[in-house]
Every structure is written in C-alpha cells, then in structure tokens.
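**Q** My questions are about this predicted structure, shown below with the sequence.
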Amino acid sequence: MLKSSFILQLSKYWSQSSWLFKLRLFLGLIIGVLVLILFYFKIVPSGQITYQRTWPRSHYSGQGFISSFKPDNRLDLSQKSEPKIIANPVYFSVFTPRRFNTALVTVTYQNHLSSSTPIIELGVLKGQLASSYDLQPLQNNILDYWRSKWSSLKTAPPLLILQATPSYSSAKKFLSDLRLGNLKNCSKGLLSCLAVYNYTVQNNYSLKLPTSRQVLSITQPLRGAHQFYLYLDRPDWYLDFEFTYLRQDSKPDPITVNIWFKNKLVMTKTIPDHGSVEKDPRHLQVTDLNFSGRHQPTGVYKVEVKINRDVVIKRIKSSTDKLVVIHQIWPVSSSHPLTLFTDAQHLRVQTSNPRSLGKIVFGKQKFNLQQTYQPVDYFTSQKNPIIQLSKDDIILTDAGVFSFSAASLFNPEFTKINRYFQDRPNIKYLIANYQSPIQRGQLKIAQAKFNLLGANRSQGRYTFVISIPGLEQHLGTDNYLQIKKITISLSGKTLWQKIWP
Amino acid sequence: MAKNLALIWKEVFYFFSWALIIALLLELFWPKIILVYFNLNYLVILWLVSALIILFKKQH
C-alpha cells in the first residue's frame, strides 16, 4: 500500500515537472552511471580482468593499459605503428587499477630471428634491482629441435622430459629417481647427465667435494651485486665481507646479504644507508658484514650480495676455499693483472671504461677488447679455461662460475639449455617447464604465466621485459621480432574476499 | 523554440562542466582512472565548444 502510494506520488511529480528538469536529471544520470562504471573497472570486483593491445593499434583515445616498447634505440620504427624489436632486451609496462595475484600473458608475434637467437623469454620485474626479472619461456628452438630427435615422456604440460635413449617408460618413475638423485645410465652423477631449462630440480642430491682445510681471502675488489656458491663441509664456519662506498651519487646504498640452502633462506643481514653527498675519495666509508655458524649441514650454499653499483666488495674472507662467483663478475681497482678460472666455454665481456680496453686471454687464445659499452662474445674449446685480464673494470659474464684459483672451482648447477647449449655425449636427459608456441599461419602464439605476488608495482605499473639473448643491433634490421598482440589476463582477490578475507 | 534551444545548450554546458570537474577530481585521487580509457582533452574541447556556442547565442 505504502509502496504503491509512493509510486503514485513519484509519477505525479514526474508528470508535473518541467522538461528542463527531466533533461538535467537525464544528463546527471549519465555522469552517475559513467562514474559507477569507472569504479567497477577500478575495483574489479570479480577479481578477473583482461587487457589487450595490438600492433598496429586501432584508434583509442586513452593511454591504454599496455605501454609501448622501450627503449626506442632497440626498435626499428620505420613503421611506427608496427615496431620491430632489433636488439635485446626491450621493456613494456602494464598499468593495473589494483594489485593482482597472477598474470597469464599471451603473445602473438612474427618471428624473423636467425638461428643464433633461438630463445625468446618474457619476464616480470620482481624486487627493486634491474636484474630481478622472473623469466618464462615463450620459445626455445633448441628444445623444439631436441623434442623432434629424442623421445619424450608423457607428462602434464608445461613439464617436458626428453631422453636420448628410452631408459624410462613413465615420467613418474623418472621423477622419483630424479628426487633420489639416481637416474639410470648416470654413472658420473646427475650434474653430468641432466640438462635443465626453466626447471628447479628438487632432490636430495648433494654435491660432495674433497675436504679442504684452506681458508680463503679474496682481496680483489668486486663492484656491485654479486652471487656466490659456497661449499661448507665443516660444522664451524665463517664468511666475512668488507664493503666500500664509492658515493658517486647521493642515493642510498643499502647492503643486504642473503644465504640460501636448498632454496630456503637460512641467514640474512642488512646494513641500511641514507645516502651521502660526500664525493671526496678520502672519505670513502668502509663497513663489514660477518656470518658464522656451528653445526651447519654440509652442502652448497648460495650467497647473494645485494648492493648497488656504488658499493664495492673490498674483501672476502671464508673458512673454506670452495667459493665461486656465479655467472657475472666485475673486478675493479686491481693493482696487478688478474687471473680467473671458469668452467664455461663462452665468455661475454663488456666495459664502460676506455682505460680497460686491451688484451684478454681466454683459454690460451688472445683477444683484443676494442670498444666500450659494446658487449663482445669470446669462445674457446678448452675445458675449464683460464681468463687473464691485464686491466680491471671489465664485466665478465658466462653461463658458469668464476673462481680465483683452480682448486676453488666447482659448479653445483645443472647444464642449462641456453643459446650456447651443445649436444654432449654424456647428456642423456633434458627436463624443462616449457610449452612450444602454436603456429597460426605466419604468426606464433605463446603463453607465459606469472606469479605477481612480490612483483614490483611502481605507480600502478608492472614492468615486463622481452628477452632475446644474442639479438644485437649490429646484426641488422633483417633479424627482428615483431609483436602483433599482447593479451594479459589478470587474476586476484574478489571484492568479497577483500572485505571478508 | 530559440529560447528552448538556448536552455538546452546551457544544460549541455553545465553537463560538460560537471563532467570535467568530476573527472579532474577522480584523476586527482585515483590517477589514470579515466586517462587509460579516454583522453580528457576531448572533454575540455567539448566543454569549450559548448561555452562558445552559449556566448555566440547570447551575442546574437
């Protein structure tokens, strides 16, 4: 009764009101509805949303959610609406109105890359450091090649297991033996017969190295972030770092050292810093971080030294001589020629200092570093080659490890299926988390899934990278990757889950 | 009829004025909430055009 009288009153009021009032109400409702729609897409109450961008882009008046590729000098912009990626890597960002938990990225592309660039990866930035990308494969031609040559075990995608000879008939048995560290036909140990790609081997396999009573003292300063493997076989141990601040800028230079064992963080220490305007080298600050322990399990520990380029590791002291530098080393302030040892047969060398140009010996072959800022690749057929540097301030990168003595050299990592992977008779198994892209005419479609929890989100943007190792500008504009479409499906908490967690 | 048309244009001007104010406030508190979808310059142009039409009609 009350309801019908209210409706009656409303309809009477509506019929009596002027056309101007009705127009005003109508226009006001349009604004109200538009604001509600905007808030709906801001909150994303369902927790699921998809953003897409195509190249060329159809007319779109807004900024869009997916940015253009940067930097411009790594793109061929002769057709601005359809840029071609001609150098590695390129970055793009995705604006999201709120945080999400996972992202499924689908990339549609045209591949005009040569055989020297067989791998395409997509990554999302995790953490603050520029090198902290969680990379996932889009295409790996090496794996695709071996998939056609070797037999594969039936597994749930994206897991891929290939074997040179049909030693196993089921993936379950293979994975069970892998966990025990005891694969068939692997007489020399797992490390020598298994190659991996985008896969972390979870097993009880432990590297056993000869016990050494030597202590280690590395006085060669190393600049910027470094990672190390440390082999501990004694219950009492210590690891000391001494740092120097270069203070070339006034930005804060915090120092964090993490120690990991079997993918678990066992120790961490941080020295905060508020920055300084002191640029006089006589006022270089020195600080140290010390670690020690008793009854530590025997095995390989990973040590992460997270520092900016404005900080130098001045000295390292350890109770064990089994300490190696992982993948990249940047020696500086060396008063004498430097000798390093590595287990990799490919070396990438780069310097930004013209005074560091000159001769480099790698595996008894002499090379001449002639240009600054241009990375150069050197190859050798020698096993465990020696590197001799006459100058310092050179960044050395390889897929293996570096050490300061032959006795210290060890590598606990499995052989990685990267662009330098070569078939070796002892490699009998390949294991990877990888799905080949789908071919659609001239285009390929690949997907990668990311965990966005912990991903860096700055000003509402997640930063992504497209990595094509080996793609260099000097290779010319005929060697390129052209992205046609990127679709990002984001998934996160629903509004209900946010209100009532 | 002309009077009604003038009133309509006035309402259209008020509509664009309120739309612009609300859009700018939304952008102030939640950056990019509108800009990812729509370039606000177009709204400014529409607001200016509606203002110019009212001024033109007032003069004549």
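**A** Thanks, I have it.
**Q** Nearest the geometric middle of the chain, what residue?
**A** All of this refers to chain A. What sits nearest the mean C-alpha location of chain A, by Cα atoms, centre = their mean, is residue A:133, with 3.1 Å.
**Q** that's the other chain; I wanted chain B
**A** Central residue of chain B (Cα atoms, centre = their mean): residue B:16, 2.2 Å from the mean position.
**Q** Using the three-state scheme, assign the residue lying closest to that one once chain neighbours are set aside.
**A** The spatial neighbour of residue B:16 that comes closest, neighbours along the chain excluded (Cβ to Cβ, 6 or more residues apart in numbering or on different chains), is residue B:47 at 4.0 Å. (Each C-beta comes from the backbone N, C-alpha and C, glycine too.) Secondary structure, DSSP: H, G, I helix; E, B strand; the rest coil: residue B:47 is helix.
**Q** so who does residue B:47 touch?
**A** For residue B:47, the contact set (Cβ atoms under 8 Å, 6 or more residues apart in numbering or on different chains) comprises B:13, B:16-17, B:19-20.
**Q** likewise residue A:393?
**A** If a contact means Cβ under 8 Å, 6+ apart, then residue A:393 has A:223, A:330-332, A:351-353, A:355-356 as its contacts.
**Q** Report the closest residue of the stretch 151-300 of chain A relative to chain B.
**A** residue A:251 (24.8 Å; Cβ to the nearest Cβ).
**Q** Can I take it that that residue is in a helix?
**A** No - counting by three-state DSSP, residue A:251 falls outside a helix, being coil.
**Q** Excluding chain neighbours, what is closest to it?
**A** residue A:275 (5.4 Å).
**Q** Find the helix or strand that that neighbour is a member of.
**A** Element membership for residue A:275 (DSSP states H and E) is empty, with no helix or strand holding it.
**Q** Count the residues that sit near it.
**A** For residue A:275, the neighbour count with other Cβ atoms under 10 Å in any protein chain shown is 14.
**Q** Per-residue pLDDT of it, please?
**A** pLDDT for residue A:275: 71.
**Q** Quick check: it vs residue A:308, distance?
**A** For residue A:275, the distance to residue A:308 equals 11 Å [Cβ to Cβ, to the nearest Å].
**Q** Over to residue A:254?
**A** Distance, residue A:254 to residue A:308, using Cβ to Cβ: 8 Å.
**Q** of the two, who's got more company?
**A** More neighbours surround residue A:308 than the other of residue A:254 and residue A:308, with 20 against 15 (other Cβ under 10 Å).
**Q** Number of residues surrounding the residue lying closest to that one once chain neighbours are set aside?
**A** Once flanking residues are discounted, residue A:308 sits nearest to residue A:253: 5.2 Å by Cβ to Cβ, 6+ apart. Burial of residue A:253, expressed as a neighbour count using other Cβ under 10 Å, amounts to 23.
**Q** Which residues are in contact with residue 53?
**A** No chain was given, so I picked chain A. By Cβ under 8 Å, 6+ apart, the neighbours of residue A:53 are A:64-66, A:485-486.
**Q** let's do chain B instead
**A** Here residue B:53 is in contact with B:9, B:13 (criterion: Cβ under 8 Å, 6+ apart).
**Q** how does it look with 7 Å?
**A** Residue B:53 is in contact with residue B:9, counting by Cβ atoms under 7 Å, 6 or more residues apart in numbering or on different chains.
**Q** That one and chain A, how far apart?
**A** Distance of residue B:53 to chain A, computed by Cβ to the nearest Cβ, to the nearest Å: 16 Å.
**Q** And that residue, how far from residue A:349?
**A** For residue B:53, the distance to residue A:349 (Cβ to Cβ) stands at 68 Å.
**Q** How about residue A:319?
**A** Residue A:319 is 32 Å from residue A:349, by Cβ to Cβ.
**Q** again with residue A:106
**A** Residue A:106 is 37 Å from residue A:349, by Cβ to Cβ.
**Q** Looking at the two, which one has more neighbours?
**A** Taking neighbours as other Cβ under 10 Å, residue A:106 and residue A:349 compare with residue A:349 leading, 21 against 16.
**Q** if we can go back for a sec, in helices only, show me the contacts of residue B:47.
**A** Among the contacts of residue B:47, the members falling in helices are B:13, B:16-17, B:19-20 (criterion: DSSP state H).
**Q** okay, now the nearest residue to residue A:355 once chain neighbours are set aside: neighbour count?
**A** Nearest residue to residue A:355, sequence neighbours excluded (Cβ to Cβ, 6+ apart): residue A:391, at 6.8 Å. Close neighbours of residue A:391, defined as other Cβ under 10 Å, add up to 18.
**Q** Return the residues in contact with residue A:391.
**A** Residue A:391 makes contacts with A:355-356, A:358, as judged by Cβ under 7 Å, 6+ apart.
**Q** I'm done for today, thanks for sticking with me.
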